[in-house]
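Asks: from the sequence below, what's the structure:
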Amino acid sequence: MKKGFAVLLVLCLNFYGSAVAQAVPEVTAGAAVLMDAESGQVYFAKNAEKRHYPASLTKVMTAVVGLESGNLEETVTVNKTESEGTVIDLQTGDKLTLEELLKAALVCSANDATVAIAEHVGGIYDNFIHMMNVKAKALGAFNSHYTNTNGLHDPGHYCTAYDMALISRYALHNPQFAGLVQTRETTIKWRHPERKLTVLNSNRLLFSAYPGINGVKTGTTAMAGNCLIASATRNGKQLIAVVLSSADRYYDARVLLDYGFEEIRPVIILSAGEPVTTMAIQEGETFTVGVTVKNDLELYLSEKDIACLERKIYLPKVIRAPVQKGETLGYVAYYLGGQELGRSDLVAGRQVRRAAWYRRIWIN
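Replies: Predicted coordinates:
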């Protein structure tokens, strides 16, 4: 009865007649993104697709691959060591569990721990790097490329703010990862030789009074500058702020998170039963049928964004009777800056029976 969809209508919406002026975040970072951890909706972007050096934000992907491809209880024997940057002074022959090494990598940003993780999980260090790059592409992080596990500078090692938010969003759905990145202090234990080391998280926001802060990772090199992925949860809503090459990464992260929690609000864009358009019907007792919204559609937006929403209605090119009341005919979708924010099914507002055969002949 219905084949193929066509975009019947494209509208730029303005619910209040004119856009309400609303302050947008001003950050010092060269690139930044604010993303909803649940939906992936981007609430703020600055140079989001521009390549930057990620520094130790790299360790988010290192941890993802380590957690998904390794066994936390397995004993890792250290072979290759790394002495540059932050380390926990691993020595060749040291034995620790993979879980302890991930603690070191994510909590205190130990570069040598990431090398041990890679050699153990990947078998060969370069194989683990390949696994990181494959995972990045699988997650849609197409503008990121890894050449090492810790973020030490390399011209071919880069990311974007959007990609880092995307990867962090994925990582935070892993309970082990989410637990580690909000840990303020932990003790790393060696199996051989017996040794303990208490470390503090490098993310200062975790030690602040910022409400709901629960992650994620710092990164700093001379070429990358100061970088930070910060996440916070309030009233069941988690936001991810990424700032790269920042003059004040903690300030920038707070500004973005404040904007998300204070300015972004749920807005009912469509209500169930609301009429949207009419459609022509072939071979029906009537020539048209009203099309209505099946369910309420709620989006999270700032007031300034409401006026910039784009609506597209997708309905079939051809519809023939009979049509039942409430039958799904297509859908309506809303976009902001090319990104789909949400959609709702469109249904027939009433029943349309098929016309008698002699009427169909007469009509045709």
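
Asks: please make it C-alpha for all contacts and neighbour counts, starting now.
Replies: Will do.

Asks: so what pairs up with the closest residue to His192 other than its chain neighbours in the strands?
Replies: Among residues not flanking His192 along the chain, Lys95 sits closest, at 4.9 Å (C-alpha to C-alpha, 6 or more residues apart in numbering). Beta bridges link Lys95 to Thr77, His192, judged by DSSP bridges.

Asks: where along the stretch 101-250 of the chain do the helices fall?
Replies: 111-122, 125-138, 161-171, 175-181, 249-263 (DSSP state H, counting those that start in this stretch).

Asks: which residues touch the fourth one?
Replies: This points to helix 175-181. Identification of contacts with helix 175-181 by C-alpha atoms under 8 Å, 6 or more residues apart in numbering yields 63-64, 103, 106-107, 171-172, 214-217.

Asks: filter those residues down to just the buried residues.
Replies: With neighbours counted by 16 or more other C-alpha atoms under 10 Å, those contain buried members at 63-64, 103, 106-107, 171-172, 214-217.

Asks: I'd like those as TSV, with pLDDT and distance to Gly236 appended.
Replies: Formatted as TSV, the buried ones among the contacts of helix 175-181 follow (pLDDT from 0 to 100; distance: C-alpha to C-alpha, whole Å):
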residue	pLDDT	distance to Gly236
Ala63	98	25
Val64	98	24
Lys103	97	26
Leu106	98	24
Val107	97	24
Ala171	98	18
Leu172	98	14
Asn214	97	13
Gly215	94	15
Val216	97	17
Lys217	98	21
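
Asks: and of these, the nearest to Tyr162?
Replies: Sorting the buried ones among the contacts of helix 175-181 by distance to Tyr162 puts Ala171 at the head of the list, at 14.2 Å, by C-alpha to C-alpha.

Asks: mind listing what that closest one touches?
Replies: Per C-alpha under 8 Å, 6+ apart, neighbours of Ala171: 60-61, 64, 177-178.

Asks: out of those, which is nearest to Leu197?
Replies: Proximity of the contacts of Ala171 to Leu197 (C-alpha to C-alpha) peaks at Phe177, which lies at 20.2 Å.

Asks: and Gly290, what element?
Replies: strand 288-293 (DSSP states H and E).

Asks: the residue nearest to His192 contacts Glu194, doesn't it?
Replies: No: Lys95 is beyond contact range of Glu194, at 9.0 Å (criterion: C-alpha atoms under 8 Å).

Asks: same drill for those two, tell me which one is more crowded.
Replies: Neighbour totals were compared for Lys95 and Glu194, and Lys95 leads with 20 against 10 (other C-alpha atoms under 10 Å).

Asks: give the contact list for the more buried one.
Replies: Lys95 sits next to 75-78, 190-193 when contact means C-alpha under 8 Å, 6+ apart.

Asks: neighbours of Phe207, just the number please.
Replies: The tally of other residues near Phe207 (other C-alpha under 10 Å) stands at 12.

Asks: once you drop chain neighbours, what's closest to it?
Replies: For Phe207, ignoring the flanking residues on the chain, the nearest one in space by C-alpha to C-alpha, 6+ apart is Arg184 at 7.2 Å.

Asks: number of residues surrounding that neighbour?
Replies: When neighbours are counted by other C-alpha under 10 Å, Arg184 registers 19.

Asks: which stretch among the helices of the stretch 101-250 of the chain comes nearest Pro316?
Replies: The nearest among the helices of the stretch 101-250 of the chain, by C-alpha to C-alpha, is helix 125-138 at 32.3 Å.

Asks: mind listing what's buried along that closest one?
Replies: For helix 125-138, by 16+ other C-alpha under 10 Å, it's 125, 128-136.

Asks: from those, pick the one nearest Pro25.
Replies: When the buried residues of helix 125-138 are compared for distance to Pro25 (C-alpha to C-alpha), Ala136 wins out at 28.3 Å.

Asks: can you give me the neighbour number for Gly342?
Replies: 16.

Asks: what does the pLDDT read for it?
Replies: Per-residue pLDDT puts Gly342 at 91.

Asks: now the one 4 residues further on
Replies: At Leu346 the predicted local distance difference test score is 96.

Asks: one more: Thr286?
Replies: So Thr286 comes in at 87 (pLDDT).

Asks: surely it meets Val352?
Replies: Yes: counting by C-alpha under 8 Å, Thr286 does reach Val352; the two are 6.9 Å apart.

Asks: quick one: which of these two has more around it?
Replies: Val352 (21 against 15).

Asks: might you report the residue contacts of that one?
Replies: 284-286, 289, 321-325.

Asks: mind listing which of these are in strands?
Replies: Cross-referencing those against strands under DSSP state E gives Val289.

Asks: care to break this protein down by domain?
Replies: 2-18+268-363, 31-246 (automatic domain parsing).
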